[in-house]
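Asker: build me a model from this:
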Amino acid sequence: MMKICVLAALVACSSAALFSEEFGAGWEDRWTQSTAKEGLGAFVASGDAIKTSEDAKFYGLVGKFDSFSNEGKKLIVQFVVKHEQNIDCGGGYVKVFPSTDDAAKLDMESYNLMFGPDICGPGTRKVHVIFEYNGKQLQNKKSIACKFDEASHLYTLIVNPDNTYEVQIDGEKAEGGSLFEDFDFLLPKEINDPETSKPADWVDETQIDDPEDTKPDDWVTEKQIVDPEAEQPEDWDEEMDGEWEAPTIDNPEFKGDFKAKRIDNPEYKGEWVHPQVANPDFVDDAAVYDYADFGAIAFDLWQVKSGTVFDSVLITSDEDEAAKAVEAFKATAEEEAAAKKAAEDEAKKAEEAKKAAEEESSDDEEDEEGDEASEDEEPKKDEL
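Answerer: Next up, the predicted model:
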C-alpha cells in the first residue's frame, strides 16, 4: 500500500490537513474500537496499512481529530481501499461525524456524511455519497459505480462552498453535480394546490375509436370451427365412448378481433396541469454544504469475507495537498500493477516448466514401455 506522508501521530502532514492517517507505528493508540455493537471484528496491521481480519463480522473503528467547520471552504475526503480478498459482499466506506467525547460509544448512525464503495454481489457495486440534513440521511439520486477488483483504489469526495460536489476514483472524475439537484436537501418551493383538482368532465384522451367505422357484416371472429370433413368412426360405441363430437380446426375465414380506426378526439382539452401554490413548509438554505462541526471519522462496516485493506486517509480543504496525494497514489498504483504482472509472468513460467516436465516424464515412460515390449518379443524371434 502507498504512503503519502509518514506520521508518528495522528497529526496533519501539512498545515492544511484537517486529518491524516497513514497507519504507521502506534496506529492502535490513535484509533478506538467501537462498543456500539457486540462481537465486532478486529482490524489488524497489513504492512503500513490496516485490514479487516475476520469473516462475517461487523467492524467499528473510530478516529478523533480537532473540531472544524467547512463553512466557506472546500471539504475533501479521500482514502485508499484494496479488496485483496476478491470481495463478494462488504463495505469499504468511511463515515465522518461531529465531535465526540467518547469515541467508543459513538452512535455510528449519527454521521454528517458517508462516502465510499459498497459491494454485495453483481447487484450492488456502488459508491455511497450520503449527507445528513435535518435528521435525515440523504442518498445520492445518481448511481456511481465503484471498483470491485483486487487492486488499490483511491476514492475522493469534494464538497464545494457553491453547493456542488465531485466524486473521483483514482484521481479521475466519476460523477458530480449540484447538491440541490442530486440530493433532496430542500422541500419543493411550490406544491400542487390542495384546493384544486382535475374537473370531472376534463377530456384528456388524445384519440378515440372512429364512431363511423363499424364491423362489417361478413367479419369473421370465430377462431375455430367444427371440421367439416370429420366423420364419426364406424366402430364408435356411444355406450362405451360417449356421444361423438366432431373435432375443431382453425377457421380459414378468421379475420381476428375487429378494431375500429382511431381518430383525433374532437373533445380533447389537452393534458391537465395541476395549479401550483407556494409550499408553506419550504425553508430556503443557501449553504446546504456547510457543517458546523466535524470531529471524528470511522470505518463502520459489514464484511462477509474479510481482507479489505485501508490506507492513506486524508481530510483537507487544500486542493494542492489532495492533488499531491493523488499523484503519490498513481505512482504506487503503477508499481503495484508492475509487481502483479511480474508475479503473474513468474507463475506462468513456473506452470509452463511444470507442464514441460510432465510431458517429458510421460515421454520417458512411453519409451520405457516400448523397450520392455521389444525385449518381450526377442524370445519369440529366437523360437522362429
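Asker: now do the strands in the stretch 251-384 of the chain.
Answerer: 262-264, 276-278, 294-303, 308-316 (DSSP state E, counting those that start in this stretch).
Asker: what mean pLDDT does the first one get?
Answerer: The reference is to strand 262-264. The pLDDT scores in strand 262-264 average 95.
Asker: then the third one?
Answerer: Within the predicted structure, the mean pLDDT of strand 294-303 is 97.
Asker: residue 53: how many residues sit nearby?
Answerer: 17 (other CB atoms under 10 Å). (Glycine included, C-beta is placed from N, CA and C.)
Asker: compare the strands of the stretch 251-384 of the chain and give me the one nearest residue 135.
Answerer: Closest approach to residue 135 among the strands of the stretch 251-384 of the chain (CB to CB): strand 294-303, 17.8 Å.
Asker: and that closest one, C-alpha only, in CSV?
Answerer: Provided in CSV are the C-alpha atoms of strand 294-303 (Å, rounded to 0.1, in the frame of the first residue of the first chain):
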residue,chain,number,x,y,z
PHE,A,294,-16.6,17.7,12.1
GLY,A,295,-14.6,15.8,14.7
ALA,A,296,-14.4,12.1,14.1
ILE,A,297,-14.1,9.5,11.3
ALA,A,298,-14.9,5.8,11.4
PHE,A,299,-14.9,2.6,9.5
ASP,A,300,-18.4,1.2,10.3
LEU,A,301,-18.7,-1.9,8.0
TRP,A,302,-20.1,-5.3,7.5
GLN,A,303,-18.0,-7.9,5.6
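Asker: ok, now which ones touch residue 163?
Answerer: 178, 179, 180, 286, 287, 288, 289 (CB atoms under 8 Å, 6 or more residues apart in numbering).
Asker: let's go with 6 Å and repeat that
Answerer: Shown in contact with residue 163 (CB atoms under 6 Å, 6 or more residues apart in numbering): 179, 288, 289.
Asker: now do the helices in this structure.
Answerer: Shown for the chain, the helices assigned by DSSP state H span residues 27-30, 179-182, 238-241, 319-383.
Asker: so which of the ones you listed is the most surrounded?
Answerer: helix 179-182 (a mean of 16; mean count of other CB atoms under 10 Å).
Asker: which other residues reach it?
Answerer: 140, 141, 142, 163, 165, 288.
Asker: same check, this time on stretch 245-259
Answerer: Against stretch 245-259 from outside (CB under 6 Å, 6+ apart): 215, 219, 220, 222, 223, 224, 225, 226, 227, 230.
Asker: between those, which sits nearest residue 116?
Answerer: Using CB to CB, these come closest to residue 116 at residue 223, 60.2 Å.
Asker: does anything pack onto the lengthiest strand in the chain? Which helices or strands?
Answerer: Across the chain, the longest stretch assigned as strand under DSSP state E is strand 57-68. Judged by 3 or more CB pairs under 6 Å, 6 or more residues apart in numbering; DSSP states H and E, the packing partners of strand 57-68 are strand 31-33, strand 294-303.
Asker: any idea which of the ones you listed gets closest to residue 114?
Answerer: Once these are compared by CB to CB, strand 294-303 is nearest, at 8.5 Å.
Asker: name the residues of that closest one that are buried.
Answerer: For strand 294-303, a neighbour-count test (16 or more other CB atoms under 10 Å) marks 294, 295, 296, 297, 298, 299, 300, 301, 303 as buried.
Asker: can you pull up the bridge partners for the closest residue to the last one other than its chain neighbours?
Answerer: Among residues not flanking residue 303 along the chain, residue 90 sits closest, at 3.3 Å (CB to CB, 6 or more residues apart in numbering). Residue 90 has these beta-bridge partners by DSSP bridges: residue 119, residue 303.
Asker: report how many residues lie close to residue 90.
Answerer: Taking other CB under 10 Å as the definition, residue 90 ends up with a neighbour count of 24.
Asker: how much space between it and residue 48?
Answerer: Using CB to CB, to the nearest Å, residue 90 is found at 22 Å from residue 48.
Asker: over to residue 191?
Answerer: 55 Å.
Asker: and if you look at residue 311?
Answerer: 7 Å.
Asker: of those two, which one has the most company?
Answerer: Neighbour count, other CB under 10 Å: between residue 311 and residue 48, residue 311 has more, with 25 against 16.
Asker: now that one: closest residue in space that isn't a chain neighbour?
Answerer: residue 49 (3.8 Å).
Asker: swap in residue 251?
Answerer: Per CB to CB, 6+ apart, closest to residue 251 is residue 225, 4.6 Å.
Asker: what bridges to that neighbour?
Answerer: When assigned by DSSP bridges, residue 225 has beta-bridge partners residue 249.
Asker: any idea how far it is from residue 119?
Answerer: 61 Å.
Asker: neighbour count for these two, which is higher?
Answerer: Shown here are residue 225 and residue 119; by other CB under 10 Å, residue 119 has more neighbours (22 against 15).
Asker: I'd guessed that one sits against residue 145; true?
Answerer: No - shown here, residue 119 and residue 145 do not form a contact pair, counting by CB atoms under 6 Å, at 10.6 Å.
Asker: point out where the stretch 251-384 of the chain drops to low pLDDT.
Answerer: The stretch 251-384 of the chain contains residues with pLDDT under 70 at 363-384.
Asker: distance between the ends of stretch 182-201?
Answerer: Start-to-end span of stretch 182-201 (CA to CA, to the nearest Å) is 38 Å.
Asker: roughly how far out does that stretch sit from the chain middle?
Answerer: 32 Å (CA atoms, centre = their mean, to the nearest Å).
Asker: how far does stretch 66-82 stretch from start to finish?
Answerer: 28 Å.
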